[in-house]
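A.B. asks: pasting the sequence and the predicted coordinates here, then a few questions.
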Amino acid sequence: MANLKEVRTRIQSVKSTQQITKAMKMVAASKLRKAQDAILQMRPYAKKLHGILQNASANLDGEQKSKYSVERSVEKVLVIVITSDKGLCGAFNTNAIKEGLKVIQEKYDEQERNNQLWVLPLGKKSFEFFSKKGYQVIDDFYGIYADLSYEKAMEVAEYVMKAFLNGTYDKVELVYNEFKNVATQILCAEQFLPLSAVEQKEDVVVTTDYIFEPSVESIIKEMIPRTLKIQLYKAILESNASEHGARMTAMSQATDNAGELLNDLRLVYNRSRQAAITTEILEIVGGAEALSNG
Amino acid sequence: MQLEIITPDKTVFEGEVESATFPGSKGTFQVLKNHAAIISSLDKGKVVYVSNKKKYEITVNGGIVEVVKNKIVLLAEKIIEA
């Protein structure tokens, strides 16, 4: 028979855990809404930027090679792995890190052995993992989620683009969780630099005859870094929204589990309480009978 | 004439304007009604627009502006404040 007092303390502790997970779920839900808003805010900018870039490149005669799309032999590689700062969000961080490792092992095994592989972690979890494992880590930016803004993302993007241009890296990969809905995250591993095939020019019918100032070439030249920055910013925001979504699901799961556990414990508690009362009554009745018989 | 000022963080302004002046990289230029279609890059500087006969001023750190059929879209990375 379970000890009554033990069960009671157990119930208490499960209850307080449940309260915490419930609160965390609520917090995650409100943060998720904010994160989604940020994505929605960014979308018109990205869309217009893309539109203008398309208009401009449709007006351009022939291909123009951007300095960001130069393919070099891949000797030095940078992998950007985006995770969150905090845990308790299910398999969210593990998945991103695993995907990062997979990319490294499958595509850049050789570079890793030659010590030509760097990791740029965004988010504390990613930073902790890769520095513990002894990778060459660029640790200037991992705290980006403490105070997330476009400016911060821009700093990272500018660093990466500059490093690509001056040959510090020949290729940059980006690994992150893309937000699909609250319960689903899609792991994404995409090439960030060099820029792969800028425009698919099919059926972009341009009727407007634009004046370009100063010139088409320089406009495109100016816009490509912007698209890159937006691409990185988008990845960061997506990962942020995914994190809160994942945490919300995990915490809701935990709250449900705690509820089930509570039900079981309460049953045990009541049963043993009833048993104790029954024994007590039996004892009293037995005692009284013995007295009256004597 | 419709003007939209957009940054990655938010839409700063959206509405009817009578005129708008931009710090183009080849010199400041003003856009009035029925301006020809243009795409121009901007330098850091002041954007001035007149809406409902009131003059507004903001400073951008460069950007891109597109004018098509009385619709102006300004993409700036950062607004340095009015």
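C.D. replies: Done, it's in. Numbering: from 1, shown residues only, chains lettered A, B, ... in the order given.
A.B. asks: would you list the phi and psi of A:Asn177?
C.D. replies: Torsion angles at A:Asn177 (phi, psi; degrees, to the nearest 10) stand at phi -90, psi 130.
A.B. asks: I figured it hits A:Ala96, correct?
C.D. replies: Yes: between A:Asn177 and A:Ala96 there is a contact under Cβ atoms under 8 Å: 5.6 Å. Bear in mind the C-beta positions are built from the backbone N, C-alpha and C, glycine included.
A.B. asks: need the overlap of contacts for those two.
C.D. replies: Taking Cβ atoms under 8 Å, 6 or more residues apart in numbering or on different chains as the criterion, A:Asn177 and A:Ala96 both touch A:82, A:187, A:239.
A.B. asks: tell me the contacts of A:Leu88?
C.D. replies: So A:Leu88 contacts A:24, A:247, A:250-251 (Cβ under 8 Å, 6+ apart).
A.B. asks: spell out which parts of chain B neighbour chain A.
C.D. replies: B:4, B:6-11, B:24-26, B:29, B:36-41, B:64, B:66, B:68-69, B:73, B:75, B:77-78 (Cβ under 8 Å from any Cβ of the partner chain).
A.B. asks: could you pull out the helices in chain A for me?
C.D. replies: Secondary structure of chain A (DSSP state H): helices at A:4-58, A:92-107, A:109-113, A:124-132, A:150-165, A:216-293.
A.B. asks: of these, which stretch is the most buried?
C.D. replies: Most buried of the helices of chain A by mean neighbour count (mean count of other Cβ atoms under 10 Å in any protein chain shown) is helix A:124-132; its value is a mean of 20.
A.B. asks: tell me what angle that helix forms with helix A:216-293.
C.D. replies: Angle, helix A:124-132 to helix A:216-293, by axes from the mean of the first three to the mean of the last three Cα atoms, to 10 degrees: 100 degrees.
A.B. asks: just the shared contacts of A:Asn177 and A:Ala96 now: which is nearest chain B?
C.D. replies: A:Ser239 (15.8 Å; Cβ to the nearest Cβ).
A.B. asks: from the contacts of A:Leu88, which two are the most distant?
C.D. replies: The two members of the contacts of A:Leu88 with the most space between them (Cβ to Cβ) are A:Met24 and A:Ala250, at 8.8 Å.
A.B. asks: tell me the contacts of residue 35?
C.D. replies: In the absence of a named chain, chain A is used. A:237, A:240-241, A:243-244.
A.B. asks: that's the wrong chain, I meant chain B
C.D. replies: So B:His35 contacts B:67, B:70 (Cβ under 8 Å, 6+ apart).
A.B. asks: now with 10 Å?
C.D. replies: Contact analysis of B:His35 by Cβ atoms under 10 Å, 6 or more residues apart in numbering or on different chains lists A:211, B:1, B:19-20, B:29, B:67-70, B:72.
A.B. asks: among those, which ones are buried?
C.D. replies: If you count burial by 16 or more other Cβ atoms under 10 Å in any protein chain shown, the buried members of the contacts of B:His35 come out as B:1, B:19-20, B:29, B:67-68, B:72.
A.B. asks: pLDDT and secondary structure for these - can I get that in JSON lines?
C.D. replies: Formatted as JSON lines, those follow (pLDDT from 0 to 100; DSSP: H, G, I helix; E, B strand; the rest coil):
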{"residue": "B:Met1", "pLDDT": "90", "secondary structure": "coil"}
{"residue": "B:Ser19", "pLDDT": "93", "secondary structure": "strand"}
{"residue": "B:Ala20", "pLDDT": "94", "secondary structure": "strand"}
{"residue": "B:Phe29", "pLDDT": "92", "secondary structure": "strand"}
{"residue": "B:Val67", "pLDDT": "92", "secondary structure": "strand"}
{"residue": "B:Val68", "pLDDT": "90", "secondary structure": "strand"}
{"residue": "B:Ile72", "pLDDT": "94", "secondary structure": "strand"}
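A.B. asks: just these now: which is nearest chain A?
C.D. replies: Once Cβ to the nearest Cβ is applied, the member of the buried ones among the contacts of B:His35 that ends up nearest chain A is B:Val68, at 5.7 Å.
A.B. asks: any idea what the closest one is bridged to?
C.D. replies: Beta-bridge pairing of B:Val68 under DSSP bridges involves B:Lys71.
A.B. asks: mind checking how far it is from B:Gly27?
C.D. replies: 21 Å (Cβ to Cβ, to the nearest Å).
A.B. asks: again with A:Met26
C.D. replies: Distance from A:Met26 to B:Gly27, counting by Cβ to Cβ: 54 Å.
A.B. asks: cool, B:Val67 as well?
C.D. replies: Counting by Cβ to Cβ, the gap from B:Val67 to B:Gly27 is 16 Å.
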